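Asker: sequence plus the predicted model coming up.
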Amino acid sequence: MMLEHGLRVSYEAGSADTWLRDSNVLAVFSFGQSPLLANDARHVPVALPQLDDDPVVEVWRVDGTVRSGSWEQLSWARSDNMTMGHLALDLRDYDGMLQASRHAYEIVQDFLRQSPHHCPMKIWNYVPGINVGEGDDECYREFCVGRAEAWSADPSEQPAMPAATAIGSPEDEHALQVYFLATALPGTNVENPRQVNAWHYPRQYGPRSPLFSRGTLMQVNGDRHFLISGTASVVGHETHHDNTADQVHESIRNVRSLLAEARRLQGSEHPVLGDAGMLRVYVRDPSEYEQVKRVLETLIPDEVQRVYLQGDICRVDLLTEVDGIVACS
Ligand code: 3EB
């Protein structure tokens with residue numbers, strides 16, 4: 001019998017189409033392309049432009065056959081062990097971000113209920129013009145309200161709050177993009193002792209708190225991964241530092257603290273940064289890419305693959321953020 005592994009994530013050269021020919025590929029992410037242009041259920045174009053010189057695609061591979069299809073506006077791909085689902089809602093069909101985000105999360109919830117893999121492990125959100133609008137009219141805050149309204153629609157269910165990332169895509173992008181990874185059994189959520197739990201953020205950050213956990217431990221057939229949420233320079237609930245280099249240091253302190261908490265909860269020596277893993281590094285101002293890259297090279301072992309993307313962060317004073325997946329072995 002072939003040993004079943006969970007998930008193998010890597011950055012690869014070549015086009016999405018080339019990688020999609022492999023039947024063990026669960027998903028291929030390409031960058032700088034509108035999510036409305038997906039041409040295969042396993043292809044997830046992400047609007048954020050890549051900042052590194054050599055263009056890559058992010059490839060998620062699994063063992064066993066991958067099936068794929070569509071369900072309402074959502075496309076999905078699944079192996080025996082996990083499902084990747086994604087949707088892109090054309091904002092021109094909605095009356096604002098709140099409505100679009102609520103609808104996106106209603107679709108995701110409805111899909112998960114009928115899926116053999118109904119437990120979300122991590123959800124990524126790419127929100128056009130995330131910082132547009134003042135105060136509570138800011139696009140990100142409206143996104144949070146829509147998400148919260150959908151998640152709490154069914155009071156008999158505990159709120160599903162897996163790890164998440166919410167990053168701003170270009171203002172002229174038309175699609176709100178949401179995609180996720182889900183499994184049959186619930187993961188273990190991990191919070192960061194250095195940070196206030198996001199769902200307890202005070203009112204000053206918006207009418208509804210962001211619903212996500214700082215990290216989720218996923219276990220599939222003895223193969224474990226730690227899915228890290230978008231991690232920025234937030235200590236307690238406040239933004240720290242007004243320059244990018246210091247924010248990178250603080251973000252990585254948060255990632256290390258979160259990983260330490262995951263090890264403590266599991267009574268294990270893993271996960272650590274350096275275990276096979278990948279990071280997406282989001283940079284608000286493209287002119288700061290080289291600097292971010294240099295700082296990260298001093299902090300993170302080379303084995304951790306990474307890609308640099310231009311993306312706005314959900315608070316205007318946040319200049320950079322990272323998220324990632326780390327194998328626990
Ligand atoms: C923060 O720590 C930064 O709204 O889903 C990080 C990860 C952030 C996920 C979300 C927001 C989200 O508050 C922002």
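Answerer: The structure has been received and is ready for your questions. Residues are numbered from 1 along each chain as shown.
Asker: got the residues of the protein near the ligand?
Answerer: For the chain, the residues in contact with the ligand (C-beta under 6 Å from any ligand atom) are 125, 164-166, 198, 210, 212, 229-230, 232, 234, 314. Using the backbone N, CA and C atoms, a C-beta is placed for each residue, glycine as well.
Asker: from these, which is closest to Val25?
Answerer: Thr165 (21.4 Å; C-beta to C-beta).
Asker: OK, contacts around the closest one?
Answerer: Thr165 sits next to 122-125, 229-230, 280, 321, 323 when contact means C-beta atoms under 8 Å, 6 or more residues apart in numbering.
Asker: look up how far Gly267 lies from it.
Answerer: Separation of Thr165 from Gly267 (C-beta to C-beta, to the nearest Å): 28 Å.
Asker: tell me which of the contacts of Thr165 is nearest to the ligand?
Answerer: Gly230 (3.2 Å; C-beta to the nearest ligand atom).
Asker: tell me the strands beside the strand or helix carrying that closest one, with direction?
Answerer: Per DSSP states H and E, Gly230 falls inside strand 223-231. In the sheet, strand 223-231 lines up against strand 215-220 (antiparallel), strand 320-327 (antiparallel) (DSSP bridges).
Asker: average pLDDT across stretch 176-194?
Answerer: Stretch 176-194 shows a mean pLDDT of 96 in the predicted model.
Asker: send me that stretch as CSV with only the CA atoms.
Answerer: Taking Å, rounded to 0.1, in the frame of the first residue of the first chain, the C-alpha atoms of stretch 176-194 are listed here in CSV:
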residue,chain,number,x,y,z
LEU,A,176,-13.3,39.3,-4.0
GLN,A,177,-11.4,36.0,-3.8
VAL,A,178,-11.8,33.4,-1.0
TYR,A,179,-10.2,30.0,-1.0
PHE,A,180,-9.7,27.4,1.7
LEU,A,181,-8.3,24.0,2.6
ALA,A,182,-10.6,21.6,4.5
THR,A,183,-10.4,18.1,6.0
ALA,A,184,-12.8,15.6,7.5
LEU,A,185,-11.7,16.0,11.1
PRO,A,186,-11.4,19.3,12.9
GLY,A,187,-7.9,20.8,13.4
THR,A,188,-6.5,22.3,16.6
ASN,A,189,-6.6,26.1,16.7
VAL,A,190,-3.6,27.8,18.3
GLU,A,191,-3.5,31.3,19.5
ASN,A,192,-0.5,33.6,20.0
PRO,A,193,0.2,34.5,23.7
ARG,A,194,1.8,37.8,22.5
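Asker: return the distance of that stretch from the chain's centre.
Answerer: Taking C-alpha atoms, centre = their mean, to the nearest Å, one finds stretch 176-194 lying 9 Å from the centre of the chain it belongs to.
Asker: try stretch 209-219
Answerer: The mean C-alpha position of stretch 209-219 is separated from the chain mean by 10 Å, C-alpha atoms, centre = their mean.
Asker: kindly report the same for stretch 122-134.
Answerer: Put simply, stretch 122-134 sits 12 Å off its chain's centre (C-alpha atoms, centre = their mean).
Asker: try stretch 261-270
Answerer: Here the centre of stretch 261-270 is set off from its chain's centre by 22 Å, with C-alpha atoms, centre = their mean.
Asker: just the buried residues of it, please?
Answerer: For stretch 261-270, burial by neighbour count (16 or more other C-beta atoms under 10 Å) applies to 261-263, 266, 270.
Asker: what distance do you get for Thr65 to Pro186?
Answerer: Here Thr65 is placed at a distance of 25 Å from Pro186 (C-beta to C-beta).
Asker: mind listing the residues bridging to Met278?
Answerer: Gln305, Ile325.
Asker: I'd say it and Tyr11 touch.
Answerer: Yes - with contacts counted by C-beta atoms under 8 Å, Met278 reaches Tyr11, the gap being 6.9 Å.
Asker: now the common contact residues for those two.
Answerer: 58, 305-307.
Asker: hey, C-alpha coordinates of stretch 290-299 in PDB?
Answerer: Presented in PDB, the C-alpha positions along stretch 290-299 are these (Å, rounded to 0.1, in the frame of the first residue of the first chain):
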ATOM      1  CA  GLU A 290      14.700  44.300  -1.400                       C
ATOM      2  CA  GLN A 291      14.900  45.500   2.200                       C
ATOM      3  CA  VAL A 292      12.300  43.000   3.400                       C
ATOM      4  CA  LYS A 293      14.000  40.200   1.600                       C
ATOM      5  CA  ARG A 294      17.400  41.100   3.200                       C
ATOM      6  CA  VAL A 295      15.900  41.200   6.700                       C
ATOM      7  CA  LEU A 296      14.100  37.900   6.200                       C
ATOM      8  CA  GLU A 297      17.300  36.200   4.900                       C
ATOM      9  CA  THR A 298      18.900  37.000   8.300                       C
ATOM     10  CA  LEU A 299      15.900  35.500  10.200                       C
END
